[in-house]
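**Student:** could you work out the structure for the sequence below:
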Amino acid sequence: MIKIIADTTCGLPLDMLKQAGIEVLPQFITFGTETFRDDTEMDTESFLKKLRASRTLPGTAAPPPALYTPIYEQILAADDTALVITPSAKVSGTFRSATVAAGEFQTDKIHIIDSKTIAGGLGSLVLAAKKWADAGLSIEEVKENVEDMASRERLFFLVPTLEYLHKGGRIGGASKLVGGLLQIVPILSIKDGQVEPFDKVRTVRQAIRTIVEQTTEYCKDNPEPYLTVSECDSEPLLTQVTQELTAATGIQDIPRYTVPPAIVVHGGPGLIESSCFVARS
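**Tutor:** Numbers count the residues shown, from 1 in each chain. You can find the predicted model right below:
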């Protein structure tokens with residue numbers, strides 16, 4: 001049996017992951033000398049309250065290798081195979097932690113994939129991997145499918161300010177926008193695992209229109225777009241985006257997620273994200 005291992009940056013609700021039998025590890029949020037797990041000790045709502053009361057920006061840390069070790073031990077003891085799907089190694093140390101922990105075992109039954117993405121798209125990859133594993137595909141087939149699907153993601157996100165990405169060191173190629181954002185709304189994406197600018201417009205309304213138009217084009221004649229939308233502290237805008245995407249694509253019941261604290265630390269409150277996967281060519 002293939003056991004899927006994820007972490008909270010996939011953005012899926014913890015109860016959904018538990019019900020699906022997917023192992024999930026936390027990220028860690030630091031406020032000064034205080035550290036919190038974002039699965040049991042802090043959710044997005046409590047994080048936002050603490051963020052607004054804090055004079056300094058918080059930090060994040062990936063799950064240490066020691067948290068992976070007992071999960072690997074349990075899976076191997078059952079003679080199962082572990083498949084870890086991590087957020088992009090260019091924005092998180094999670095891939096490294098999972099790899100270091102796997103190095104303690106002399107086995108070919110632990111597999112780790114750098115998804116090169118985060119949030120809703122990562123969640124879609126995790127759920128798809130679980131579906132393929134349950135269908136009886138081999139580990140090599142599941143890995144090939146996940147890597148192929150990951151290469152076809154089209155992700156867009158809006159942040160009200162680049163301050164969090166810039167100070168957190170996760171800004172990637174979007175750094176060229178810093179200092180030139182007066183009266184400009186940047187639309188960002190992820191390319192080859194790091195944040196990159198996609199476009200810049202004058203208003204949020206224009207940004208939403210661009211994202212809806214681009215995403216609709218990607219979903220056209222696409223039997224499995226895996227379309228999702230995510231937000232933090234921007235529920236009204238998320239509702240608008242969802243309604244416009246539903247009207248434009250005809251896709252009903254688009255999954256809506258709240259991004260976890262570890263992503264908000266770097267994206268900031270007010271974040272909106274959409275993710276879909278283009279059809280195989």
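**Student:** please count neighbours and contacts with C-alpha atoms only from this point.
**Tutor:** Noted.
**Student:** which SS class is residue 198?
**Tutor:** strand (DSSP: H, G, I helix; E, B strand; the rest coil).
**Student:** ranges for the helices of the protein?
**Tutor:** 14-20, 44-53, 65-77, 94-102, 120-134, 139-151, 163-167, 204-219, 235-249, 261-267 (DSSP state H).
**Student:** lowest-confidence stretch among those?
**Tutor:** Least confidently modelled of the helices of the chain is helix 163-167, at a mean of 51 by mean pLDDT.
**Student:** can you list the domains in this structure?
**Tutor:** 2-27+62-151, 153-277 (automatic domain parsing).
**Student:** and those domains: which comes nearest residue 56?
**Tutor:** Nearest of the domains of the chain to residue 56, taken as CA to CA: domain 153-277 at 10.9 Å.
**Student:** quick one: distance of the closest one to the chain centre.
**Tutor:** Centroid displacement of domain 153-277 relative to its chain, using CA atoms, centre = their mean, to the nearest Å, is 12 Å.
**Student:** swap in stretch 266-281?
**Tutor:** 8 Å.
**Student:** kindly export it (C-alpha atoms) in CSV.
**Tutor:** Written as CSV, here are the backbone C-alpha positions of stretch 266-281 (Å, rounded to 0.1, in the frame of the first residue of the first chain):
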residue,chain,number,x,y,z
HIS,A,266,5.1,35.3,3.6
GLY,A,267,2.0,36.3,1.5
GLY,A,268,0.3,38.5,4.1
PRO,A,269,-3.4,39.0,5.0
GLY,A,270,-5.6,39.7,2.0
LEU,A,271,-4.1,37.0,-0.2
ILE,A,272,-6.1,35.5,-3.0
GLU,A,273,-4.9,32.5,-5.0
SER,A,274,-6.2,30.4,-7.8
SER,A,275,-4.8,27.1,-9.2
CYS,A,276,-5.7,24.9,-12.1
PHE,A,277,-4.0,22.4,-14.3
VAL,A,278,-4.0,22.5,-18.1
ALA,A,279,-4.9,19.5,-20.1
ARG,A,280,-2.2,17.1,-21.4
SER,A,281,-1.1,18.2,-24.8
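**Student:** what about the residue positioned nearest the centre of the chain, distance to residue 231?
**Tutor:** Among the residues of the chain, residue 119 comes closest to the average C-alpha position under CA atoms, centre = their mean, at 1.8 Å. Note on residue 119: its distance to residue 231, by CA to CA, to the nearest Å, is 10 Å.
**Student:** now do residue 62
**Tutor:** Distance from residue 62 to residue 231, by CA to CA: 21 Å.
**Student:** likewise residue 105?
**Tutor:** Taken as CA to CA, the span from residue 105 to residue 231 is 38 Å.
**Student:** of these two, who's got more company?
**Tutor:** The neighbour comparison of residue 105 against residue 231 (other CA atoms under 10 Å) goes to residue 231, with 27 against 14.
**Student:** if I look at residue 104, how far off is residue 93?
**Tutor:** In terms of CA to CA, residue 104 sits 18 Å off from residue 93.
**Student:** neighbour count winner among the two?
**Tutor:** Legend: neighbour count by other CA under 10 Å for residue 104 and residue 93, higher for residue 93 (18 against 11).
**Student:** hey, what's in contact with both of residue 119 and residue 231?
**Tutor:** Shared contacts of residue 119 and residue 231, defined by CA atoms under 8 Å, 6 or more residues apart in numbering, are found at residue 259.
**Student:** count of residues packed around residue 191?
**Tutor:** 18.
**Student:** so what's it bridging to?
**Tutor:** Note on residue 191: beta-bridge partners residue 194, judged by DSSP bridges.
**Student:** need the contact list for residue 124.
**Tutor:** Contacts of residue 124 by CA under 8 Å, 6+ apart are 226, 228.
**Student:** what do you get if the cut-off is 7 Å, keeping everything else the same?
**Tutor:** By CA atoms under 7 Å, 6 or more residues apart in numbering, the residues touching residue 124 are residue 226.
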